[in-house]
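Asker: model the structure of this input:
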Amino acid sequence: MKSVHVFLVTTALLLSVSLFSAAFAQPAQVSYTVNLKSFSLQVTYPSEVMPGDTVTVTVQGSPKSNSIYLQSLSATIYYADAAGLHQLASQNLVNSSTNAYGYYGASTTGSFSKSFAVNVPQNTPRTSLVAIFSETVQSNNYYYSDYWPYSGSYWYYGNPFFYAYYPSYSTATDQAIAPLSYIKATTPEYVALQSEYQMLQQQLNQTQAQNQQLQTTITQQSAMISQLNQQLTSANTTAQTYQTVAAVFVIIAVALAALSIYQLRSKRKLATQPSNSAATVASARAAPSPSRRPRTGSKTQSTP
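Answerer: Just a heads-up that it's a prediction; the model follows:
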């Protein structure tokens, strides 16, 4: 009965520890979509982190238009508390350099993927990380002019005509905020939960040790019971042998007693037979002979 109780307690503790272990397991990855004016960003990050951890943030971006020339695209990471925002890191996602004419090449407008790491300070309170994404883009348009600089000439009614084209662009900026990982900093509830987890772990270790001792005791008792059963079987066999021998002895004793009684009776019979013969002889001697008895009555006629 005690072993069954220990088994149930061990099972309950295992279930509790498994639930607490699930709480401390590796956090899942979460994705969030950021829509800027010219770019769409897919941000992936862990759902939860602890103070002192390093967070890996992955950003996948794609332009919304092929006519966008990117000047810069950056992400700034903060954590928020009662005092406001505190900057942790700043990362350039895409940075294009200008060409000789002051505008940006179309090769920078393609899709991109960028990963960067953010270190969470040990003293960070229980709060969330946030990211502010900023873009600076320019749209390029061209117009033609008959003024210098020119890139060609042709004759028009016998007069040379010079032409050229100039890039015309406008710069625009946009920002968007996105949530990042939740920081599970130490709180009184967390400390209590961790203390309870450690206590349950210690109880589990003790219960497992007791269970192991009980298993050893059960094994020893089973071996002892098996040995006692063997001894009992041997004792029963010996008792049966003794009973058989005793029965044989009883039969022999009864037979000997019967034989003794028979012999005693036989001797008594033999002892009483001579005395009976002597009495018979004496009585025979004392009785008169039949031939000497006197005749009485009429004479017996002789037969002719």
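Asker: other SSEs contacting the strand or helix carrying residue 206?
Answerer: Here residue 206, judged by DSSP states H and E, is contained in helix 188-286. Helix 188-286 is packed against helix 2-23, with contacts defined by 3 or more C-beta pairs under 8 Å, 6 or more residues apart in numbering; DSSP states H and E. Using the backbone N, CA and C atoms, a C-beta is placed for each residue, glycine as well.
Asker: buried residues in the helix or strand following the helix it packs on?
Answerer: Once helix 2-23 ends, the next helix or strand along the chain (criterion: DSSP H and E) is strand 29-35. Burial within strand 29-35, assessed by neighbour count using 16 or more other C-beta atoms under 10 Å, is assigned to residue 34.
Asker: shaky segments in this structure?
Answerer: 1-26, 66-68, 95-110, 139-169, 273-304 (pLDDT under 70).
Asker: any idea how the protein splits into domains?
Answerer: Per the record, the chain has its domains at 1-25+187-271, 36-139+169-186, by automatic domain parsing.
Asker: turn the ones you listed into JSON lines, including mean neighbour count.
Answerer: JSON lines is the format used below for the domains of the chain (neighbours: other C-beta atoms under 10 Å):
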{"stretch": "domain 1-25+187-271", "mean neighbour count": "11"}
{"stretch": "domain 36-139+169-186", "mean neighbour count": "16"}
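Asker: what sits opposite residue 170 in the beta ladder?
Answerer: residue 139 (DSSP bridges).
Asker: that one contacts residue 136, correct?
Answerer: No: counting by C-beta atoms under 8 Å, residue 170 sits too far from residue 136 to count as a contact (11.5 Å).
Asker: and the strands in the stretch 1-150 of the chain?
Answerer: 29-35, 39-46, 48-49, 54-63, 68-81, 84-95, 112-119, 127-145 (DSSP state E, counting those that start in this stretch).
Asker: got the angle between the fourth one and strand 39-46?
Answerer: Calculated by axes from the mean of the first three to the mean of the last three C-alpha atoms, to 10 degrees, strand 54-63 forms an angle of 160 degrees with strand 39-46.
Asker: residues in contact with residue 172?
Answerer: 37, 38, 136, 137, 138, 139 (C-beta atoms under 8 Å, 6 or more residues apart in numbering).
Asker: considering those residues, which is situated nearest to residue 87?
Answerer: Ranked by distance to residue 87 (C-beta to C-beta), the contacts of residue 172 are led by residue 136 at 19.1 Å.
Asker: out of everything not next to it in sequence, what's closest to that closest one?
Answerer: The shortest distance from residue 136 to any non-neighbouring residue, by C-beta to C-beta, 6 or more residues apart in numbering, is to residue 71 (4.2 Å).
Asker: look up how far residue 121 lies from that neighbour.
Answerer: 32 Å (C-beta to C-beta, to the nearest Å).
Asker: what does residue 251 give?
Answerer: 102 Å.
Asker: ok so, going back, possible to save the contacts of residue 172 as CSV with distance to residue 217?
Answerer: Listed next are the contacts of residue 172 as CSV, based on distance: C-beta to C-beta, whole Å:
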residue, distance to residue 217
37, 76
38, 76
136, 77
137, 78
138, 83
139, 84
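Asker: out of the residues you listed, who's nearest residue 52?
Answerer: Nearest to residue 52 among the contacts of residue 172, with distances taken as C-beta to C-beta, is residue 136, at 34.2 Å.
Asker: quick check: the gap between that closest one and residue 234.
Answerer: 99 Å.
Asker: didn't residue 114 look like it was pressed against residue 74?
Answerer: No: counting by C-beta under 8 Å, residue 114 does not reach residue 74; the two are 10.4 Å apart.
Asker: mutual contacts of the two, please.
Answerer: What both residue 114 and residue 74 touch, as defined by C-beta under 8 Å, 6+ apart, is the set 91, 93.
Asker: so what's residue 45 up against?
Answerer: Neighbour list for residue 45: 29, 30, 32, 55, 56, 57, 58, 129, 180, 181 [criterion: C-beta under 8 Å, 6+ apart].
Asker: cool, and residue 242?
Answerer: Per C-beta under 8 Å, 6+ apart, neighbours of residue 242: none.
Asker: what comes into contact with stretch 229-238?
Answerer: Residues contacting stretch 229-238 (C-beta under 8 Å, 6+ apart): none.
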